[in-house]
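A.B. asks: how would this look folded up:
(3 chains)
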Amino acid sequence: MSLYKIRQKNPLIHCITNTVVTNFTANGLLAIGASPVMSDEPLDVEDMTSISDALLINIGTLNKNSVEAMFLAGKKANELNIPVVLDPVGAGATKYRKEVSENLLREIKFDLIRCNAGELAAIAGIDWQAKGVDSGEGEMDIVLVAKDTAKKFGTMVAVSGKEDVVTDGEWILFVRGGHEWMTQVTGTGCLLSAICAGALCLEGDRLENIRNVLADYKKVAEFASKEKYLGSFQVEIINGLHQISRGEL
Amino acid sequence: MSLYKIRQKNPLIHCITNTVVTNFTANGLLAIGASPVMSDEPLDVEDMTSISDALLINIGTLNKNSVEAMFLAGKKANELNIPVVLDPVGAGATKYRKEVSENLLREIKFDLIRCNAGELAAIAGIDWQAKGVDSGEGEMDIVLVAKDTAKKFGTMVAVSGKEDVVTDGEWILFVRGGHEWMTQVTGTGCLLSAICAGALCLEGDRLENIRNVLADYKKVAEFASKEKYLGSFQVEIINGLHQISRGEL
Amino acid sequence: MSLYKIRQKNPLIHCITNTVVTNFTANGLLAIGASPVMSDEPLDVEDMTSISDALLINIGTLNKNSVEAMFLAGKKANELNIPVVLDPVGAGATKYRKEVSENLLREIKFDLIRCNAGELAAIAGIDWQAKGVDSGEGEMDIVLVAKDTAKKFGTMVAVSGKEDVVTDGEWILFVRGGHEWMTQVTGTGCLLSAICAGALCLEGDRLENIRNVLADYKKVAEFASKEKYLGSFQVEIINGLHQISRGEL
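C.D. replies: Next up is the predicted model:
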């Protein structure tokens, strides 16, 4: 029911995100009744964050200019007590992404890190075989590492996978279900991070709100999987988000 | 019937637009038989504008580099008598966007400003509660402000809303209809601005050509609203544009 | 059957591509079972290319920063024997694009140039009336020019059109079929270039692998053309790629 609550609230989400998923993220947020705004220019972001209800920082196609904007926006959000989500896309893939992620985590207080197992491993400094921006494979006790990471950075951590794990360093919640095709449509994780930013604007228990969003998202994936092929599946993700956030699914 | 006429003409539209809507804008222009071209690098834009039939400047995700390109392209267009449209996305949301809009309007002669009420208010210097890049709410006599703005900058002004207003500072035309979901798919306004750039390439009365495009667009929205959810609605916008521009809707 | 083979291989494709087609390219690659990764920041690309199976360089919305990244990534790919595809989008449209294309071809060894007739003419220095990033019109013996260009740069050349031509400078293969609407959905050529990068990771005769990919792509276009309008046609391209790469079409 969290997506329904986001629609009631209509939060404005400032997204500094990657060029692959801007459109899908904006349409996904609109489908659940949130208002997206995109800006990644240092001269522009502080004003934009200031009028927003939440901020998303996603490093998927970072460049020097947008990285500068991420720091400015993140600090402004912290100053104004606006919740911030980090999506450390591909943090394990390159040195630059790892450094940027570490510096962001050092200088900005995040309310949530939303990532996959490979990105969690990178942030936690654990050996892992990531594949580009995909999760990849390795040996790690995800629950333990997520919990430690949450404690270390004073944030919630949500790790997407067959079974999602979300923790505030103390409590751990699990969400099962969903559909594997979600990994075969670009930007589903990025959109989920943006939606989680919306969930941070809700009242009530923050960890439960995130868990409920993850559960709704898995339900949307199951709904969309009635389609036989990925092009239509992608359209149905937006349809499903629209439907569930109106209390109809 | 203006979309049909654009298809006959097949104009090349140089779009300097935001990263959220590039794909939707290009596919929307292609669906009505226009040819989109995108370029926002200062070293590249003057040549690109020179071979184009019209230029669109959209500040939705502006950065220092693309802003420089906007000025170069706009001046080149003025020099060569190529029509130019301004879409001042979120002009009321940040100081930087407001400044860039003002400077663009000072240094470049636009043929059309296509915006929402909040953006019009920002350009006209009127108090208004914009919400990010959404229209927002406030008290303003839209018709009067649009007319004054048109006179002041020697341009046509088209303000989208439940009822669209288009004026050249002298005459005022209204277009009713459409569907509220158009505000819930990202880039519908941005695409409309690009299509209006195409309409500036047509012969006949310029104000009427814009009005006819706005009317066609509202018809497309109504056509698409046969769908129950936003994912399919989005697909039907392109289908509707394709259909109406072939004289079939 | 080449798309089927790409799915078996699941190659990681580093795409430096334009902002119009990032989403469509990523979803198209995912639909055939390849893994896309996007990065165009000089500080990031060498690491990203190093872990990839192939590199795509597409100049569709180049800027000074991404052009620097193209050279760094291309040289790293050459150093590590990772195959590289060039898609010289709009090379004939502006001086800057022509220069960048020429410099890329001088400093980087490409395995494949995938282009349209207008772009081939630009690279070969032949007079041609390109229309923005569209193919345009002119007089040229495409087969001869493609063959000469392949020889000159020691690369394969694939020229898309009603009849595709692919050559390694020695052998020439043709592919007929497809559907004209493929030119009316943005990014179909760009996606094809990315898929060809995937084909360069396959074993067997390289020229034949490319030819087979082109043939599969034309089959997908024919499949999608069962739709009456471009919005649905676009969705069916992804559906068709998904289907054919699973051996079902």
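
A.B. asks: Let me know the secondary structure of the spatially most central residue of chain A.
C.D. replies: Nearest residue to the geometric centre of chain A (Cα atoms, centre = their mean): residue A:193, 1.6 Å. Three-state call for residue A:193 (DSSP: H, G, I helix; E, B strand; the rest coil): helix.

A.B. asks: My guess is it contacts residue A:57. True?
C.D. replies: No. If you go by Cβ atoms under 8 Å, residue A:193 and residue A:57 don't touch, sitting 9.0 Å apart. Using the backbone N, CA and C atoms, a C-beta is placed for each residue, glycine as well.

A.B. asks: Spit out the residues that contact those two alike.
C.D. replies: By Cβ atoms under 8 Å, 6 or more residues apart in numbering or on different chains, residue A:193 and residue A:57 have these common neighbours: A:85, A:87.

A.B. asks: In PDB, list the C-alpha atoms belonging to stretch A:88-100.
C.D. replies: The C-alpha trace of stretch A:88-100 is given here as PDB (Å, rounded to 0.1, in the frame of the first residue of the first chain):
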ATOM      1  CA  PRO A  88      25.600   3.400  -6.500                       C
ATOM      2  CA  VAL A  89      25.200   1.900 -10.000                       C
ATOM      3  CA  GLY A  90      28.200  -0.100 -11.100                       C
ATOM      4  CA  ALA A  91      30.200   0.900  -8.000                       C
ATOM      5  CA  GLY A  92      32.200  -2.300  -8.300                       C
ATOM      6  CA  ALA A  93      32.900  -1.900 -12.000                       C
ATOM      7  CA  THR A  94      35.400   1.000 -12.100                       C
ATOM      8  CA  LYS A  95      37.800   2.800  -9.800                       C
ATOM      9  CA  TYR A  96      36.100   6.100 -10.500                       C
ATOM     10  CA  ARG A  97      32.700   4.900  -9.500                       C
ATOM     11  CA  LYS A  98      34.100   3.300  -6.400                       C
ATOM     12  CA  GLU A  99      35.900   6.500  -5.400                       C
ATOM     13  CA  VAL A 100      32.800   8.700  -6.100                       C
END
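
A.B. asks: Mind checking the pLDDT average for that stretch?
C.D. replies: Averaging pLDDT along stretch A:88-100 yields 96.

A.B. asks: and it, which residues are buried?
C.D. replies: Neighbour-count burial for stretch A:88-100, counted by 16 or more other Cβ atoms under 10 Å in any protein chain shown, picks out A:88, A:89, A:90, A:91, A:92, A:93, A:94, A:96, A:97, A:98, A:100.

A.B. asks: from the residues you listed, which are also near chain C?
C.D. replies: A:90, A:93, A:94, A:96, A:97 (Cβ under 8 Å from any Cβ of the partner chain).

A.B. asks: anything in stretch A:51-62 near chain B?
C.D. replies: Yes. Stretch A:51-62 lies within reach of chain B by Cβ under 8 Å from any Cβ, at A:51, A:52.

A.B. asks: Can you tell me the closest non-neighbouring residue to the closest residue to chain B within chain A?
C.D. replies: Of all residues in chain A, residue A:238 sits closest to chain B, at 3.1 Å by Cβ to the nearest Cβ. Spatially, and ignoring its direct neighbours in sequence, residue A:238 is nearest to residue B:231 (3.1 Å; Cβ to Cβ, 6 or more residues apart in numbering or on different chains).

A.B. asks: Equivalent analysis for residue A:67, please.
C.D. replies: Residue A:67 sits nearest to residue A:100 (Cβ to Cβ, 6+ apart), 5.7 Å away.

A.B. asks: Residue A:222 now?
C.D. replies: Nearest non-adjacent residue to residue A:222 (Cβ to Cβ, 6+ apart): residue A:179, at 5.8 Å.

A.B. asks: Any idea how many residues pack against the one you found?
C.D. replies: Residue A:179 is flanked by 15 other residues according to other Cβ atoms under 10 Å in any protein chain shown.

A.B. asks: following the helix of greatest length in chain A, which helix or strand shows up next?
C.D. replies: Longest helix in chain A, counting residues (DSSP state H): helix A:206-224. Next helix or strand after helix A:206-224 toward the C-terminus (DSSP states H and E): helix A:230-245.

A.B. asks: now could you export just the CA positions of that following helix as CSV?
C.D. replies: The C-alpha trace of helix A:230-245 is given here as CSV (Å, rounded to 0.1, in the frame of the first residue of the first chain):
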residue,chain,number,x,y,z
LEU,A,230,10.1,-7.9,-23.0
GLY,A,231,8.8,-4.9,-25.0
SER,A,232,5.3,-5.4,-23.8
PHE,A,233,6.6,-6.4,-20.3
GLN,A,234,8.2,-2.9,-20.1
VAL,A,235,4.9,-1.2,-20.9
GLU,A,236,3.1,-3.2,-18.3
ILE,A,237,5.6,-2.2,-15.6
ILE,A,238,4.3,1.4,-16.0
ASN,A,239,0.7,0.1,-16.3
GLY,A,240,1.1,-1.9,-13.1
LEU,A,241,2.6,1.0,-11.2
HIS,A,242,-0.2,3.2,-12.2
GLN,A,243,-2.8,0.5,-11.3
ILE,A,244,-1.3,-0.5,-7.9
SER,A,245,-0.8,3.1,-6.8
